[in-house]
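**Q** turn this into a structure:
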Amino acid sequence: MDNVTDNILRGERVDRINDDITLIQLSDGLTFTTDAYLLSAYVRRPAGKHVTAVELGAGTGVVSLLAAARKRADVILAVEAQEKFVSIMRRNVEINGLSDAVRPMLADVRDVKAGELGTFDFVFSNPPYMRAGSGYENASGEKNMARREVMGTIYDFCAAAGRLCRYGGMFYVVYRPDRLAELCSALRDNGFEPKSMTFMSADADSAPSLLFCSAKRGGAPGMKVTSPLFVYERGTRTETEDFRRIYETGSFPDKFTVR
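**A** Numbers count the residues shown, from 1 in each chain. Next up, the predicted model:
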């Protein structure tokens, strides 16, 4: 890590995170968050000797790095539209010794096509949650584009997933509960059937703040809505057993997922 620190540029920071991953990030830009970590724990490796995956909107690469470290796929194409993030992602891949497993790609999700890239066993994404122009916009242009639908709506992300995911493959996404209707509509319009959904709340007295959804390309109708995932026990700041287990194992318990 000392050698990495020596090569950090102005405006950057370096952290050691889960699974012994060293992560370079922008100090005032997009940083590692709980939803990114949880998405990396939510994805499942399908059956197969050589599994390929693609991440849409990879940022500085943290979700792909964690997924690769856990062998969720043998090769992950990490697609990101912002050149600054892709540059950092390439360095993150190299310093973690994952160049054979994670392949950064500078591209707009609206432009990626299966004809150029082939199809993948599964797709995953932590897309922008907020509509362009909504709420208080961040001073950092990079952060604003990462959090708002400046370079693609949820429909665009689902459409890209539909083009890149093989028939029968899965799409894993983390999103906001208040935009659930848009998510489900976009999934179905692009050939996916939602198969499992988990809502996450701070505790049993709080409204959901995130949802995790797995959808199958060409899947039959029928979805499992799991029990909620609570971060804390009611009335305390003690993490629940489920939440603690996810952080300890890097994987959601089976009761929250389907294959």
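**Q** okay, now the unreliable bits of the stretch 51-200 of the chain?
**A** Low-confidence segments of the stretch 51-200 of the chain (pLDDT under 70): 130-151.
**Q** swap the cut-off to 90 and go again
**A** 114-116, 129-152 (pLDDT under 90).
**Q** which parts of it are strands?
**A** Ranges of strands in the stretch 51-200 of the chain, per DSSP state E, counting those that start in this stretch, are 52-56, 75-80, 102-106, 120-125, 165-175, 192-201.
**Q** measure the closest residue to Leu106 other than its chain neighbours to Leu98 for me?
**A** Spatial nearest neighbour of Leu106, chain neighbours left out: Val86 (4.6 Å); criterion: C-beta to C-beta, 6 or more residues apart in numbering. Heads up, the C-betas are built off the backbone N, CA and C, glycines and all. Separation of Val86 from Leu98 (C-beta to C-beta, to the nearest Å): 15 Å.
**Q** again, but for Val51
**A** 15 Å.
**Q** isn't Tyr42 up against Phe212?
**A** Yes. Here Tyr42 reaches Phe212: they are 5.1 Å apart, a contact under C-beta atoms under 8 Å.
**Q** intersection of neighbour lists for the two?
**A** Common contact partners of Tyr42 and Phe212 (C-beta atoms under 8 Å, 6 or more residues apart in numbering): 172, 174, 252, 256.
**Q** chain center to stretch 188-196: distance?
**A** Its chain's average C-alpha position is 17 Å from that of stretch 188-196, according to C-alpha atoms, centre = their mean, to the nearest Å.
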